[in-house]
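Undergrad: Quick one, what's the 3D model for this:
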Amino acid sequence: MFGSPLQESLLHKAQCNGLVTVAVHDLRVFTEDKHKTADDKPYGGGAGMVMKIEPLVKALEQIRGGMQPSKTVLLSPQGALFTQERALQLSRCAQVVLICGRYEGVDERVLHFVDEELSIGDYVLSGGEIPAMVVIDAVARLIPGVVGDEASVREDSFANGLLKYPQYTRPPDFRGLTVPDVLLSGDHERIRQWRRGEALQKTLARRPDLIARARPTMDHEEITLLETLQQSQKGEQP
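TA: Have a look, this model is predicted:
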């Protein structure tokens, strides 16, 4: 499952350039029985299988090389929501070990050997592999040098707590759908102000929950604009 994503685009280039190292470990290698059993029936009965603690802990003990800072993360529906802020924190670690849950999950005792649980959202997936790929991609692109244009990283959605402003490219007119005049003006200060305003407006309309978290980082100009947009929004409500 990891082969193709790790051999494409930025992740592939990052590995080739020695900026990121990604290793995939098969838990069956760390089992001791002849059948290479990595899961078993749950105590107390119930459907499905539970991943065993022994191979998981043996894998962790071998994989963790003592690099500091290091984090061990279990991908789990019970985990805290994975956010851009958490991705930034993990990008500063020398090593991040990701445990991919499967079946009915992992033996609860594994939690004594991990630093935290993370979830990529409130929905059900077949296993932790896809969430692990999400974490790898989100974390890797924050490592200096992985993304060629550092400004692109700084201006991404959620990077500054807000959704990103609208983007346009050629042609300037497509079937009557035109690009905003300000973007064609060449006036960089007006463009900056327009983009900030659009980011605030889009976030306020689509993800108002993000506004409270972003507000402490806003300057006076942004707060004034935000309050104007909020007042306008209230005026439009019946």
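Undergrad: residues in contact with the helix or strand A87 falls within?
TA: The secondary structure element spanning A87 is helix 84-91 (assigned by DSSP states H and E). By Cβ atoms under 8 Å, 6 or more residues apart in numbering, the residues outside helix 84-91 that reach it are 71, 73, 80, 96, 118, 135, 138-140, 142-143, 156, 158-159. From N, CA and C alone the C-beta is placed, and that goes for glycine too.
Undergrad: if you set the cut-off to 7 Å instead, what comes out?
TA: 71, 96, 118, 138-139, 142-143, 158-159 (Cβ atoms under 7 Å, 6 or more residues apart in numbering).
Undergrad: Name only those of those residues that count as buried.
TA: Among the contacts of helix 84-91, those classed as buried by 16 or more other Cβ atoms under 10 Å are 71, 96, 118, 138-139, 142, 158-159.
Undergrad: Could you take these and lay them out as CSV, with extra columns for distance to S4, secondary structure and pLDDT?
TA: Converted to CSV, the buried ones among the contacts of helix 84-91 look like this (distance: Cβ to Cβ, whole Å; DSSP: H, G, I helix; E, B strand; the rest coil; pLDDT from 0 to 100):
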residue, distance to S4, secondary structure, pLDDT
K71, 26, strand, 96
V96, 21, strand, 97
L118, 23, strand, 97
A138, 18, helix, 97
V139, 19, helix, 97
L142, 22, coil, 95
F158, 26, coil, 76
A159, 27, coil, 73
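Undergrad: helices and strands of this structure: which one has the lowest mean pLDDT?
TA: helix 150-154 (a mean of 74; mean pLDDT, DSSP states H and E).
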